[in-house]
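**Student:** Provided below for reference: sequence and predicted model.
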Amino acid sequence: MDLNSKWYHLMLEMANKAAKIPGVKWLLKPLYYPIKKRVERSQREKFLQNGLQVLQRFDECMEQNGIEYTLAYGTLLGAVREKGFIKHDFDIDVYVWGKQYSEQMVSALNAAGFELIHDFKVEDGSIGREETYKCEGVAIDVFYVYDDGGKYPYCCDFTTIDGIPTFNQCMQKHGRVLARKTELPITEQRIKSPFETIELYIPATACEVLEFLYGKNYMIPDPNYDPNTPNEHIRIWDEKAAYYREM
């Protein structure tokens, strides 16, 4: 079985739809969960094997094309706390300032072996955007950062409406998804930081960013961390329309 991302999402979507039919959900369990675990195990294995190499290739592509980025979210936390990937991560997160987005950037990444899998936009993308690329079985999420003149710059991630299981289903039902707006004490200044056997860019204000995201104890691993814990710097941006597109 081909365990690539598109098959995984198609399988989940079909299973989620079928699971809504009375009496079917329990029938799916013996098939659905073993496949899900196998896909997740395969993704983790590919990440462990190729993650650092893919991240280095991304860094080289961005440098060659004059596009500034920094590590973000869990990858940034790993850089600061572990000097490498954190144990439960199996994707890569980076920040890019929104004003640097261009079709030329997408083409450059594609030429370097990064396939655009899906993207999200707030309205036309000029005020919010997120993209996911894949290379050697490893996913890279690109979170674009914007400065709208508020107290802090922000980036967006995305969720579905009313707990709908997949973004495709949400688009089919509502014609939109929900954006979450996350404030960040981030500037365009960046510094190099050790990461495994190489050095990569992190925000100069990395410690402040991580405290905003994960709290004051971000340097202490928390096996019970819940990403849905209320955070004063994160809110649903429901007054803006957001859209999902799968390639």
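**Tutor:** Noted; the coordinates are in hand.

**Student:** so the spatially most central residue of the chain is in which element?
**Tutor:** Among the residues of the chain, the one closest to the centroid is Asp141, at 3.6 Å (Cα atoms, centre = their mean). Remark: Asp141 resides in strand 138-146, with elements defined by DSSP states H and E.

**Student:** Mind giving me the packing neighbours of that strand?
**Tutor:** Packing partners of strand 138-146 (3 or more Cβ pairs under 8 Å, 6 or more residues apart in numbering; DSSP states H and E): helix 25-64, strand 92-97, strand 129-135, strand 154-159. Bear in mind the C-beta positions are built from the backbone N, C-alpha and C, glycine included.

**Student:** What pairs with that strand, parallel or antiparallel?
**Tutor:** Applying DSSP bridges to the sheet, strand 138-146 is found paired with strand 92-97 (parallel), strand 129-135 (antiparallel), strand 154-159 (antiparallel).

**Student:** would you list these in TSV and tack on mean neighbour count, mean pLDDT and distance to Cys61?
**Tutor:** Output for those, formatted as TSV (neighbours: other Cβ atoms under 10 Å; pLDDT from 0 to 100; distance: least, Cβ to Cβ, whole Å):
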stretch	mean neighbour count	mean pLDDT	distance to Cys61
strand 92-97	22	97	12
strand 129-135	22	97	10
strand 154-159	21	97	21
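
**Student:** As a markdown table, those with distance to Gln169 would be great.
**Tutor:** As requested, the strands paired with strand 138-146 are exported to a markdown table (distance: least, Cβ to Cβ, whole Å):
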| stretch | distance to Gln169 |
| --- | --- |
| strand 92-97 | 25 |
| strand 129-135 | 18 |
| strand 154-159 | 13 |
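
**Student:** Quick check: end-to-end length of stretch 237-247?
**Tutor:** For stretch 237-247, the first-to-last residue distance is 25 Å (Cα to Cα, to the nearest Å).

**Student:** Start at 16, not 1
**Tutor:** Renumbered: residue one is now 16, and that last one reads stretch 252-262.

**Student:** Name the residues of it that come out as buried.
**Tutor:** For stretch 252-262, a neighbour-count test (16 or more other Cβ atoms under 10 Å) marks 252, 256-259 as buried.

**Student:** And the contacts of it?
**Tutor:** By Cβ atoms under 8 Å, 6 or more residues apart in numbering, the surrounding residues in contact with stretch 252-262 are 21, 24, 130-138, 142-143, 171, 173, 182-183, 185-186, 191-196.
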